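Asks: no sequence on this one, just coordinates:
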């Protein structure tokens with residue numbers, strides 16, 4: 001049985017990013033850059049005022065000096081004004097700095113009477129001027145390929161006049177769940193039947209990871225139904241299936257994949273919840289088989305599928321967000337596998353939520369973090385721990 005590190009390492013060693021495509025900048029939010037991006041223009045593009053005030057020559061703007069106002073420059077087109085000795089030009093935040101000026105006096109630091117200002121506080125050369133290229137220079141790398149396009153980064157690219165950007169394609173993900181006991185609301189439930197929950201959970205997890213989910217109907221525990229569903233799902237980039245990956249007689253995923261001509265590379269990982277786990281190929285699609293219990297499906301998705309979906313998009317950052325916390329209570333794992341506890345991270349404290357069993361959806365719904373407790377590990381109340389913080 002593989003460790004988590006061995007399983008994830010094998011998955012990421014096999015995954016390669018999907019092809020790149022161009023997208024309008026306004027439609028590229030949260031996508032991943034497929035190439036390095038460099039500045040074509042300086043930012044700011046010209047020297048401009050940080051404040052509402054007056055453009056002056058610093059040598060003239062001594063305390064008590066009186067200066068004549070000879071013009072006004074608002075933010076917008078440069079009017080080509082010049083500050084002469086003993087003069088000042090009224091300007092506003094973001095306005096181009098006139099020729100001859102080397103400082104800006106804030107309007108709060110002077111008194112105006114008609115067309116004359118009296119300086120109350122002297123300025124030095126460069127005061128309250130944003131210099132051209134002070135934030136970004138021409139030719140400077142803005143972001144490397146593999147960077148997620150966040151709102152601030154999109155704004156930076158927009159400042160360069162970019163209308164389109166090259167990004168990696170989003171993976172198309174077929175989402176399936178198996179089990180003859182599964183029903184979809186508002187169907188009535190018969191004896192021994194339950195409402196299916198994994199597809200809606202996995203759909204949202206896929207979407208949060210940047211994939212495009214495609215829901216399939218629940219698959220009954222019959223070989224031909226498995227065969228038909230998996231063969232159809234194989235047209236997507238990824239096949240994600242919950243249930244049917246253990247060793248029972250009704251667990252048909254592994255045998256059906258082999259019957260279709262697919263290949264199983266990994267099966268079983270030493271982790272709790274979620275030991276049954278499949279990774280392989282189904283023709284051209286990547287195949288991930290998760291346990292049917294919803295908490296197990298959730299944990300194995302976070303640990304193994306989410307990093308793979310990010311890798312398919314060319315993401316080069318960390319696949320899991322981690323932070324330090326303090327355990328609010330003593331925690332013990334007497335088992336032989338690492339246990340990922342679900343819990344709340346609040347004010348730097350981690351507290352397990354609800355029943356820590358693989359079926360316990362309500363406890364999972366209240367969780368915003370995971371704590372890995374190693375096999376046989378004991379954690380004391382108040383001990384510092386590292387938790388996975390959720391983006392789910």
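Replies: Looks like it arrived, so ask away. Bear in mind that the values here come from a model prediction, so they are computed numbers and not experimental data.
Asks: need the pLDDT of the closest residue to residue 379 other than its chain neighbours.
Replies: Excluding the flanking residues, the one nearest residue 379 by CB to CB, 6 or more residues apart in numbering is residue 331, at 4.3 Å. Every C-beta, even on glycine, is put in place using the N, C-alpha and C of the backbone. At residue 331, the model reports a pLDDT of 96.
Asks: one more: the one 4 residues further on?
Replies: What the model reports as pLDDT for residue 335 is 94.
Asks: ok, now residue 59?
Replies: pLDDT, read off for residue 59, is 97.
Asks: report the separation between it and residue 102.
Replies: 8 Å (CB to CB, to the nearest Å).
Asks: how many residues are close by the residue nearest to residue 379?
Replies: Look at residue 331: counted by other CB atoms under 10 Å, it has 22 neighbours.
Asks: between residue 59 and residue 102, which is the more surrounded one?
Replies: residue 102 (19 against 11).
Asks: neighbours of the closest residue to that one other than its chain neighbours, how many?
Replies: Distances taken as CB to CB, 6+ apart put residue 125 closest to residue 102, at 4.8 Å, once the chain neighbours are dropped. Residue 125: 10 surrounding residues under other CB under 10 Å.
Asks: check contacts around residue 125.
Replies: Residue 125 sits next to 58, 102-103 when contact means CB atoms under 8 Å, 6 or more residues apart in numbering.
Asks: quick check, nearest of these to residue 240?
Replies: The closest of the contacts of residue 125 to residue 240 turns out to be residue 103 (CB to CB; 61.4 Å).
Asks: these two touch, right, residue 214 and residue 172?
Replies: Yes - in this structure residue 214 lies within contact range of residue 172 using CB atoms under 8 Å: 6.4 Å.
Asks: quick one: common contacting residues for those two?
Replies: With CB under 8 Å, 6+ apart, residue 214 and residue 172 have common neighbours residue 236.
Asks: I'd like the distance from whichever strand or helix holds residue 362 to the chain centre, please.
Replies: For residue 362, the element it lies in under DSSP states H and E is helix 361-365. In terms of CA atoms, centre = their mean, to the nearest Å, the centre of helix 361-365 is found 23 Å from the chain centre.
Asks: what packs against it?
Replies: The contact analysis (3 or more CB pairs under 8 Å, 6 or more residues apart in numbering; DSSP states H and E) places helix 361-365 against helix 294-300.
Asks: which elements pack onto the helix it packs on?
Replies: helix 198-208, strand 285-290, helix 361-365.
Asks: what does it contact?
Replies: 197-198, 201-202, 205, 242, 269, 271, 273-274, 276-277, 290-291, 340, 342, 357-361, 363-364, 370, 392.
Asks: check stretch 188-200 too.
Replies: 175-177, 179, 181-185, 215-216, 218, 242-243, 290, 292, 294, 297, 361.
Asks: one more time with 6 Å, if that's ok
Replies: 175, 177, 181-185, 215, 218, 242, 294, 297 (CB atoms under 6 Å, 6 or more residues apart in numbering).
Asks: which among those residues count as buried?
Replies: Buried members of these, counted by 16 or more other CB atoms under 10 Å: 175, 177, 181-183, 218, 242, 294, 297.
Asks: of these, which belong to helices?
Replies: 294, 297 (DSSP state H).
Asks: in CSV: the buried ones among the contacts of stretch 188-200, plus pLDDT and distance to residue 19.
Replies: Below are these laid out as CSV (pLDDT from 0 to 100; distance: CB to CB, whole Å):
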residue, pLDDT, distance to residue 19
175, 98, 22
177, 96, 29
181, 93, 40
182, 93, 35
183, 93, 39
218, 95, 32
242, 95, 28
294, 94, 33
297, 96, 29
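Asks: isn't residue 268 right next to residue 4, touching?
Replies: No - using CB atoms under 6 Å, residue 268 is not in contact with residue 4; the gap is 11.9 Å.
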